[in-house]
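Enquirer: need a 3D model of the following:
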Amino acid sequence: MNSARALDVTDARILLALAADPRATVVALAEYLKLSRNTVQARVAKLEQSGALSSFERRITPKALGYPLTAFVTAQVNQHRLAEVSQSLAGIAEVVEVFGLSGETDLLVRVVAADAEDLYRIAGQILAIPGIERTTTALAMRELVPHRLTGLLRRVTDDR
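Expert: Numbers count the residues shown, from 1 in each chain. Have a look, this model is predicted:
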């Protein structure tokens, strides 16, 4: 999302309504929020264009696709090859997210795997990428706090 444009109360209300009912139609959102259909449709389009409303892909669980294991791989990278490393990581289907970090570790790579043997294979693929100097893998035992933003959205609606 472009940081120059913060969400206003109406945007936050639309996103909260979509969080509660992701399948809601524009008409249903408009009725629920007591806004015109055109207003809701235009705002949803702007939220998508700005990146504030991302892909619904996030709602698909890897477990449903046959990947019940989640692991986090930290990697130290030759900084001159960071773009090449990023491109190679993007080519591994089991790599679902990559974050560039500050500090001693350069990358945090979230991967999913079918089982321990599959995770070993994926970790080996990552380590074999030219430019990756060292990795450490940690298996996620369980998710304690799921990805959430509704508290932040409520803060926008309450503060304004």
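Enquirer: use CA for all of it now, contacts and neighbours both
Expert: OK.
Enquirer: tell me where this structure has helices.
Expert: 9-20, 26-33, 37-50, 82-90, 116-127, 150-159 (DSSP state H).
Enquirer: deepest of those, which one?
Expert: Counting by mean count of other CA atoms under 10 Å, helix 9-20 has the highest mean neighbour count of the helices of the chain, with a mean of 18.
Enquirer: C-alpha coordinates for it, PDB please?
Expert: The C-alpha coordinates for helix 9-20 follow below in PDB (Å, rounded to 0.1, in the frame of the first residue of the first chain):
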ATOM      1  CA  VAL A   9     -12.900   5.600   8.400                       C
ATOM      2  CA  THR A  10     -15.000   4.600   5.400                       C
ATOM      3  CA  ASP A  11     -12.200   2.500   3.900                       C
ATOM      4  CA  ALA A  12     -11.600   0.800   7.300                       C
ATOM      5  CA  ARG A  13     -15.300   0.100   7.700                       C
ATOM      6  CA  ILE A  14     -15.400  -1.500   4.200                       C
ATOM      7  CA  LEU A  15     -12.300  -3.700   5.100                       C
ATOM      8  CA  LEU A  16     -13.800  -4.700   8.400                       C
ATOM      9  CA  ALA A  17     -17.000  -5.700   6.700                       C
ATOM     10  CA  LEU A  18     -15.000  -7.700   4.100                       C
ATOM     11  CA  ALA A  19     -13.000  -9.300   6.900                       C
ATOM     12  CA  ALA A  20     -16.200 -10.500   8.500                       C
END
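Enquirer: chain center to it: distance?
Expert: From the chain centre to the centre of helix 9-20 is a distance of 18 Å (CA atoms, centre = their mean, to the nearest Å).
Enquirer: quick one: that helix to helix 150-159, angle?
Expert: 150 degrees (axes from the mean of the first three to the mean of the last three CA atoms, to 10 degrees).
Enquirer: who does helix 9-20 touch, helix- and strand-wise?
Expert: Helix 9-20 sits against helix 26-33, helix 37-50, helix 150-159, with contacts defined as 3 or more CA pairs under 8 Å, 6 or more residues apart in numbering; DSSP states H and E.
Enquirer: swap in 6 Å and give it another go.
Expert: On a contact count with 3 or more CA pairs under 6 Å, 6 or more residues apart in numbering; DSSP states H and E, helix 9-20 meets no helix or strand.
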